[in-house]
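**Q** A predicted structure for the sequence below; I have some questions about it.
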Amino acid sequence: MKLYHSMRSEHGAETARGLARKILERESGNVTKAARILGCSRNCLRRARDGCLSDDDRTPNLQPRKIDTSLEALLLKERKATGYGRRRLSKHLAMKYGITVSENTVKRVLKRGKVKANVARRGTRAAKPLYDYAALLPFEKGQVDTKHIDDYGALGSMVFRLRRYGLPLYQWTYVDAKTKVRFLAYSYSLGREYGWTFISLVLLWLRSCGITSPIDFQADNGTEFCEGIPRLEAELHAILNPWLASFCSIPVGKKWKQGIVERSHRTDDEEFYRPHLEKISSCSVFLRKAQQWQDTYNSIRQSWGIGMNGKTPLQKMQESGILCPDKILHFPVLLLDDVLRVVKGGNYLCTHYQNKVSGFWLLVSGCAHFDPVIIHEPSK
């Protein structure tokens, strides 16, 4: 009977070696007799006699492929601060610190650090897609929403930089349900004229880029859109209808119908604001960074939404047969306060947009193609 090995497997190396030393002492140090009793080799017994009770560290002295200890500590620190998994943590390190670490390496570091994975359990009911994505046309259905950037719960102490440096407090987002293309704008205030202006800008941009199919805008019941009031919805619909566009508000209590755009706001926090906001100290730099983030999202970043299968919005547009998709994706990130100031007869040149998207800026600045009926102050 191999007593030594069974003892080692059940009770550990220290217990088995302690037993071996007692039997050796009882047999007056006779290695052969003690090995026969324990059912192990004499060399094994000599190691138990001469070595430590616990196992020695078997880590190789030279590990050329192991990441640096300081980098491993940084990775574990960021994991604790963000709670990200291996994929998002790899992206986070690349964006915030410029450090390239593969997902598999992150996985091994988290395993060595004994970090438990965040397991999200789905309900037993089958998921209900918001749209028939196979039959949906690009830009046929779009979701519009605002994001309060000044959110301490999402960004922590970085939100204090917004007011300290005079940065915009609100983000306006349009997301196409089919291709996941996103357009952004910003403002210092929140109001209906801002929401209607943003919808009008998106509509004019798509029409100027050759999108002729009907476009349906969907938003929540916030005061910056129509508040779910039928009279306001009818008024906005009458403004958009000549351009083959429509608007609808989601039913009260059905926030999940805005799931695509709401989920994109979490991506903004994780991949734009958290890595970059602490380095921004002026509005012009903020808008330039936001433009770069929008272009990255639309052209480079993979999407894993329904029907995307890891494609970028640009690839999805090309797959859908859209002509000149690059032109459509270059929507200029604007400050809506400046747009309204221009439309109402204020300054015709803004320093935030020097050498940037001159064609569309001229459109906004009052050229003949910009119908003044589209952007106006809605009724109270």
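**A** Perfect, thanks for sending it. In this text the structure is predicted, and so the values were computed from the model without any measurement.
**Q** what about the helices in the stretch 1-150 of the chain?
**A** According to DSSP state H, counting those that start in this stretch, the stretch 1-150 of the chain carries its helices in the segments 3-11, 13-26, 31-38, 42-50, 69-82, 86-97, 103-112.
**Q** mind listing what's buried in the second one?
**A** Going by neighbour count (16 or more other C-beta atoms under 10 Å), the buried part of helix 13-26 is A13, A16, R17, L19, A20, I23, L24. No exception for glycine: its C-beta is placed from N, CA and C like everyone else's.
**Q** list the contacts for the last one?
**A** With contacts defined as C-beta atoms under 8 Å, 6 or more residues apart in numbering, L24 is in contact with N30, V31, A34, L45, R49.
**Q** would a markdown table of the residues you listed with distance to K111 be doable?
**A** Shown next, in a markdown table, are the contacts of L24 (distance: C-beta to C-beta, whole Å):
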| residue | distance to K111 |
| --- | --- |
| N30 | 45 |
| V31 | 40 |
| A34 | 39 |
| L45 | 35 |
| R49 | 35 |
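**Q** quick one: buried ones out of these?
**A** Looks like these have A34, L45 buried, using 16+ other C-beta under 10 Å.
**Q** what's the most distant pair in the contacts of L24?
**A** N30 and R49 (11.7 Å; C-beta to C-beta).
**Q** where in this structure is pLDDT low?
**A** Along the chain, segments meeting pLDDT under 70 span 1, 120-127, 345-380.
**Q** any idea which element the spatially most central residue of it lies in?
**A** For the chain, the residue lying nearest the average C-alpha position, counting by C-alpha atoms, centre = their mean, turns out to be T267 (2.5 Å). T267 belongs to helix 259-268 when assigned by DSSP states H and E.
**Q** same for that helix, what does it pack against?
**A** strand 141-148, strand 170-176 (3 or more C-beta pairs under 8 Å, 6 or more residues apart in numbering; DSSP states H and E).
**Q** for whichever helix or strand comes after it, what is the distance to the chain centroid?
**A** Per DSSP H and E, the first helix or strand lying C-terminal to helix 259-268 is helix 274-276. Centre-to-centre, helix 274-276 and its host chain are 11 Å apart (C-alpha atoms, centre = their mean, to the nearest Å).
**Q** what of stretch 7-21?
**A** With C-alpha atoms, centre = their mean, you get 51 Å for stretch 7-21.
**Q** cool, and stretch 26-46?
**A** On C-alpha atoms, centre = their mean, the centre of stretch 26-46 falls 62 Å from that of its chain.
**Q** just the residues contacting that stretch, thanks.
**A** M1, K2, L3, Y4, H5, L19, A20, I23, L24, R49.
**Q** nearest to R112 among those?
**A** H5 (28.1 Å).
**Q** buried residues, the helix holding T267. List them.
**A** Buried, per 16+ other C-beta under 10 Å, within helix 259-268: I260, V261, E262, S264, H265, D268.
**Q** so which of the helices and strands packed on helix 259-268 is nearest E233?
**A** strand 141-148 (13.3 Å).
**Q** who's in contact with that closest one?
**A** 131, 169-178, 190, 195, 198-199, 202, 215-220, 222, 224-225, 258, 260-262, 265, 268.
**Q** helices and strands around the following helix or strand past that strand, which ones?
**A** Per DSSP H and E, the first helix or strand lying C-terminal to strand 141-148 is helix 152-155. Counting contacts by 3+ C-beta pairs under 8 Å, 6+ apart, helix 152-155 packs against no other helix or strand.
**Q** and the contacts of helix 152-155?
**A** I149, V159, D269, Y273, R274, L277.
**Q** and the residue nearest to the fourth one when sequence neighbours are not counted, how many residues sit next to it?
**A** Once its chain neighbours are removed from consideration, Y273 has its nearest residue in L155; the separation is 5.6 Å (C-beta to C-beta, 6 or more residues apart in numbering). Counted by other C-beta atoms under 10 Å, the residues lying close to L155 total 18.
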